[in-house]
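> Below is the sequence, then the predicted model.
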Amino acid sequence: MSGDTVTGGQFEPLRVAGVAGGAGVGTFVRLLTMAFPRSPIVDANRYAGGRIDVLVTNNTVASAMNVGPALNEALRFHKPILVVMDTQRGVVKNANVHLNLARTHAFAVFEVRHRREWVGMAAAPGKAMPKGRDLAILWTELPKAIKSMRDQRTYMALFQPRSALPPIIPSHAAGPRNIPPHAPVAGGLRRTSLSRAGPGGIGLWPPPTAGRP
């Protein structure tokens with residue numbers, strides 16, 4: 001689905017991009033399309049700068065090392081949501097250093113756990129919606145995160161002085177002692193605390209009339 005656009009009326013599409021090739025953005029967008037089939041989504045493929053709503057990485061070192069540079073660019077506009085696709089089972093130590101350093105610079109962080117059956121698929125997750133606590137939480141919390149993120153982005157655009165720059169991730173990881181604490185959540189998902197999404201205009205995703213069937 002890379003490069004495809006699904007439009008949905010007056011509501012702003014959700015812009016999704018991977019931090020590198022093979023980061024898992026195609027799988028994540030297909031999951032989104034299955035969960036919210038009538039909601040507007042733009043698959044930007046590999047992130048090349050500009051405003052983005054969701055950055056996707058996998059938990060390999062090759063992908064995770066690109067999270068910092070991608071966030072540095074994205075932070076020029078606003079804090080995006082970070083989604084970690086666990087293509088490798090368990091914790092990849094060196095990749096986790098990059099991911100943990102990035103957590104406080106993302107608006108929210110979600111993790112989709114490893115599923116062995118996806119490895120052999122040409123277009124995971126296939127035709128059937130997979131089940132799991134991590135995905136159940138994701139579909140509940142992601143729309144709230146998007147609404148809160150866009151509300152904050154609007155506020156910053158209106159009231160933040162141009163001289164107030166966002167925090168920048170160090171180009172060289174300083175080591176595990178600088179890893180910010182985070183609270184693991186059952187199902188392999190970690191996320192920030194989010195306010196409940198209320199009624200809204202363009203910031204609300206999915207639109208009220210285009211939610212899950």
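Ah, there it is.

> Would you mind listing the buried residues in stretch 111-121?
111-115, 118 (16 or more other Cβ atoms under 10 Å). Quick note: C-beta positions are derived from backbone N, CA and C, even for glycine.

> repeat for stretch 130-138
Neighbour-count burial for stretch 130-138 flags 134-135, 137-138 (criterion: 16+ other Cβ under 10 Å).

> Now the two most distant members of those.
Leu135 and Ile137 (7.4 Å; Cβ to Cβ).

> tell me the contacts of His78?
51, 107, 149, 152-153, 156 (Cβ atoms under 8 Å, 6 or more residues apart in numbering).

> Pull out the buried residues from those.
Buried among these (16+ other Cβ under 10 Å): 107, 149, 153.

> Give me the phi and psi for Ile81.
The phi/psi pair for Ile81 (degrees, to the nearest 10) reads phi -90, psi 140.

> mind listing what it touches?
Per Cβ under 8 Å, 6+ apart, neighbours of Ile81: 53-55, 106-110, 142, 145-146, 149.

> Which single one of those is nearest to Pro69?
Leu55 (10.9 Å).

> Was I right to think that closest one contacts Leu82?
Yes - using Cβ atoms under 8 Å, Leu55 is in contact with Leu82, at 5.3 Å.

> So between the two, which is more surrounded?
A direct count of neighbours by other Cβ atoms under 10 Å for Leu55 and Leu82 places Leu55 higher, at 27 against 24.

> so that one sits in a strand?
Yes - counting by DSSP: H, G, I helix; E, B strand; the rest coil, Leu55 falls inside a strand.

> what's the pLDDT at it?
As summarised for this prediction, Leu55 has a pLDDT of 96.

> Closest one of the buried residues of stretch 111-121 to Val29?
Val112 (12.2 Å).

> same for the longest helix anywhere in the chain, what does it pack against?
Longest helix in the chain, counting residues (DSSP state H): helix 133-159. Under the contact criterion of 3 or more Cβ pairs under 8 Å, 6 or more residues apart in numbering; DSSP states H and E, helix 133-159 touches helix 25-35, strand 81-85, strand 108-112.

> can you do 6 Å?
For helix 133-159, the packing partners by 3 or more Cβ pairs under 6 Å, 6 or more residues apart in numbering; DSSP states H and E come out as strand 108-112.

> Tell me the helix or strand right after the lowest-mean-pLDDT helix or strand in the chain.
Least confident helix or strand, the chain: strand 5-6 with a mean of 36, by mean pLDDT, DSSP states H and E. Using DSSP states H and E, the helix or strand that follows strand 5-6 towards the C-terminus is strand 14-18.

> So what touches that following strand?
Residues from elsewhere that reach strand 14-18, judged by Cβ atoms under 6 Å, 6 or more residues apart in numbering: 25, 29, 41-44, 46-47, 52-54, 56, 205.

> Just give me the closest of the residues you listed to Pro125.
After measuring these against Pro125 - Cβ to Cβ - the closest member comes out as Val29, at 11.1 Å.

> Now for that closest one, how many residues are close by?
25.
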